[in-house]
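**Student:** just to be clear, the model below is a prediction. Sequence and coordinates:
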Amino acid sequence: MGAYFGVSTIFVFCLLGFSANAEEFTIGSSSGSDITQELLKAFTSACQSPSRSRVVIPKGEFKLGEIELRGPCKAPIDIVLRGTVKADGNTAYGKDKWVVFGNINGFKLHGGGAFDGEGNAAWRVNNCHKTFECKKLPISIRFDFIENAIIKDISSIDAKNFHINVLGAKNMTMSNIKIIAPEDSPNTDGIHLGRSDGVKILNSFISTGDDCISVGDGMKNLHVEGVVCGPGHGISVGSLGRYGMEQDVSGITVKNCTLQSTDNGLRIKTWPSSACSTTASDIHFEDIILKDVSNPILIDQEYCPWNQCNKQKSSTIKLVNISFKKIRGTSGNKDAVKLLCSKGYPCQNVEIGDIDIRYNGADGPATFQCSNVSPKIMGTQIPKACSAPVTKAN
Ligand SMILES: *[C@@H]1O[C@H](CO)[C@@H](O)[C@H](O)[C@H]1NC(C)=O
Ligand SMILES: *[C@@H]1O[C@H](CO)[C@@H](O)[C@H](O)[C@H]1NC(C)=O
Ligand SMILES: *[C@@H]1O[C@H](CO)[C@@H](O)[C@H](O)[C@H]1NC(C)=O
């Protein structure tokens, strides 16, 4: 444990003529030290501050063990990460978290620094992408029940599992987030969100081994704009329907994003023989550039990896009010558009407009397949809509 400086500096904020004092707690340990205890202490003090306070992790590289920074706090808190915090490189079996920010109202995390999950050794022993039965690896950064928050200018590198998980958030804006892990790192979703209301992800770069952004059950009002994604598995709503007690999804907008060399593009996936019967509605993808993206537009209501479900029973998740508009670029395979909806609950009110997706492979040209859906088609349609309808024998 390094020297602790409870430096109480006066900061003057001039915001719309309003000024306030912020108490500041700066990590004083030298670069290379383990700051887990010191950071916990600094946060605990900051959390007791009656007015907005800041915890500063200066430039340098620090070790950081598993840590939970939880409120409720007496006033808003800023965490300024200027340096890099590094996780333990071991495989940390059975732990599901590394850094948790929880139950804080008025939260800001910024500063240009990075969370390095040191995932390399762990990826080699992880098999959660192949089976249900596996030991969980820690998610790098968890935001649990954070309200009125700004997260910006932060990087996440080499997470062992998901990079960022958002649960129970209200009014959170993430911008200029950089997420990096190798293309073949398993389960390293960039940002996973669920059971939250009013989250924005803006102007960010995500290059990882699994979904760039994945949206779980209970997500409401998510706005994604100006995100560059790839490599990775694209932007995905779902999978939904794997567990009971899931909640509806609604109000998801993805705009002005670029997907490059991703395994999937824009995807909605639900499990057959679903464990619940929810609705995912009002999901809109618009103004998207594709560069060599496999399965660019995909609704898959028969999502059943490793055949761990009963495909005979159609999905009971209802997909309603979905649109894909102004989506252009190149596909990495011939399946440019595939809308495979549930036989029991055909997709309702699906609109597709101004699609221009080219595929140049020998098995081309690109196709547009539909089952259990009658999309409303507008504008350009390359490939031609529902030119190769699939009839599923199930
Ligand atoms: C959302 O959170 C931001 C950042 O704390 C805050 O400035 C804004 O007023 C909040 N918006 C609402 C509607 O509460
Ligand atoms: C679209 O997103 C890119 C970042 O990918 C950004 O540079 C550009 O300004 C955005 N365009 C609009 C019209 O918002
Ligand atoms: C779908 O959109 C229509 C028309 O905007 C609206 O009336 C309906 O409530 C929406 N359905 C759902 C489930 O959101």
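**Tutor:** Looks like it came in fine. Ligands and ions are numbered 1, 2, ... in the order given.
**Student:** what ranges do the helices span in the stretch 101-250 of the chain?
**Tutor:** Counting by DSSP state H, counting those that start in this stretch, the stretch 101-250 of the chain has helices at residues 120-125.
**Student:** list the residues that contact the residue in it that ligand 3 sits nearest to.
**Tutor:** As assessed by Cβ to the nearest ligand atom, ligand 3 sits closest to Ser250 within the stretch 101-250 of the chain, at 6.3 Å. Every C-beta, even on glycine, is put in place using the N, C-alpha and C of the backbone. Shown in contact with Ser250 (Cβ atoms under 8 Å, 6 or more residues apart in numbering): Met219, Lys220, Asn221, Thr279, Ala280, Ser281, Asp282.
**Student:** just checking: which of those residues also lie near ligand 3?
**Tutor:** Near ligand 3, judged by Cβ under 6 Å from any ligand atom, the entries from the contacts of Ser250 are Thr279, Ser281, Asp282.
**Student:** report the contact partners of the last one.
**Tutor:** Contact analysis of Asp282 by Cβ under 8 Å, 6+ apart lists Ser250, Gly251, Ile252, Val320, Asn321.
**Student:** show me which of these are buried.
**Tutor:** Among those, those scoring as buried are Ser250, Gly251, Ile252, Asn321 (criterion: 16 or more other Cβ atoms under 10 Å).
**Student:** between these, which is closest to ligand 2?
**Tutor:** Using Cβ to the nearest ligand atom, Ile252 is the member of those that lies nearest ligand 2, at 17.9 Å.
**Student:** the closest one pairs with what?
**Tutor:** Beta bridges link Ile252 to Leu222, Ile283 when assigned by DSSP bridges.
**Student:** how long is stretch 157-164 from one end to the other?
**Tutor:** End-to-end distance for stretch 157-164: 11 Å, by Cα to Cα, to the nearest Å.
**Student:** related to what we said a few turns ago, so which of the contacts of Asp282 reach ligand 2?
**Tutor:** For ligand 2, no contacts are drawn from the contacts of Asp282 by Cβ under 6 Å from any ligand atom.
**Student:** and the residues you listed as TSV, adding distance to ligand 1 and pLDDT?
**Tutor:** Compiled in TSV, the contacts of Asp282 are given as follows (distance: Cβ to the nearest ligand atom, whole Å; pLDDT from 0 to 100):
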residue	distance to ligand 1	pLDDT
Ser250	18	98
Gly251	15	98
Ile252	19	98
Val320	27	98
Asn321	24	98
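**Student:** next, format the residues you listed as a markdown table and append distance to Leu259.
**Tutor:** As requested, the contacts of Asp282 are exported to a markdown table (distance: Cβ to Cβ, whole Å):
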| residue | distance to Leu259 |
| --- | --- |
| Ser250 | 23 |
| Gly251 | 21 |
| Ile252 | 16 |
| Val320 | 25 |
| Asn321 | 23 |
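**Student:** distance of Ile288 from Gly117?
**Tutor:** To Gly117, Ile288 is 29 Å away according to Cβ to Cβ, to the nearest Å.
**Student:** who has more neighbours, these two?
**Tutor:** Neighbours were counted for Ile288 and for Gly117 using other Cβ atoms under 10 Å; Gly117 has more, 31 against 25.
**Student:** quick one: contacts for that one?
**Tutor:** If you count contacts by Cβ under 8 Å, 6+ apart, then Gly117 has Ala87, Trp98, Pro138, Ser140, Ser156, Ile157, Asp158, Ala159, Lys160, His163 around it.
**Student:** now do 6 Å
**Tutor:** Ala87, Ser140, Asp158, Ala159, Lys160 (Cβ atoms under 6 Å, 6 or more residues apart in numbering).
**Student:** with Lys334 instead?
**Tutor:** Counted by Cβ under 6 Å, 6+ apart, Lys334 has contacts Tyr359, Asp363, Gly364, Ala366, Thr367.
**Student:** ramachandran angles for it?
**Tutor:** With angles defined as degrees, to the nearest 10, Lys334 sits at phi -80, psi -10.
**Student:** got it, and the one 5 residues further on?
**Tutor:** The main-chain torsion angles of Leu339 are listed as degrees, to the nearest 10 and equal phi -110, psi 90.
**Student:** tell me what it is bridged to.
**Tutor:** As assigned using DSSP bridges, the partners bridged with Leu339 are Ile299, Cys370.
**Student:** count the residues that sit near it.
**Tutor:** The number of residues packed near Leu339 is 28, by other Cβ under 10 Å.
**Student:** would you reformat the contacts of Lys334 as TSV and include neighbour count and pLDDT?
**Tutor:** TSV is the format used below for the contacts of Lys334 (neighbours: other Cβ atoms under 10 Å; pLDDT from 0 to 100):
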residue	neighbour count	pLDDT
Tyr359	20	96
Asp363	7	93
Gly364	14	82
Ala366	22	95
Thr367	20	95
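**Student:** so where is this protein shaky, pLDDT-wise?
**Tutor:** 1-21, 91-94, 128-133, 387-394 (pLDDT under 70).
**Student:** residues from it in reach of ligand 2?
**Tutor:** Counting by Cβ under 6 Å from any ligand atom, the chain sits next to ligand 2 at Asn203, Gly226, Val228, Asn256, Thr258.
**Student:** show the buried residues in these.
**Tutor:** Val228, Thr258.
**Student:** the residues of the chain next to ligand 2 in strands, which ones?
**Tutor:** Val228, Asn256, Thr258 (DSSP state E).
**Student:** ok, the last one - contacts?
**Tutor:** By Cβ under 6 Å, 6+ apart, the contact list for Thr258 reads Val228, Ile289.
**Student:** one more pass at 10 Å, please.
**Tutor:** Counting by Cβ atoms under 10 Å, 6 or more residues apart in numbering, Thr258 touches Phe205, Gly226, Val227, Val228, Cys229, Gly230, Ile288, Ile289, Leu290, Lys291, Val293, Gly329.
**Student:** in the sheet, who's paired with it?
**Tutor:** Beta-bridge partners of Thr258, as defined by DSSP bridges: Val228, Ile289.
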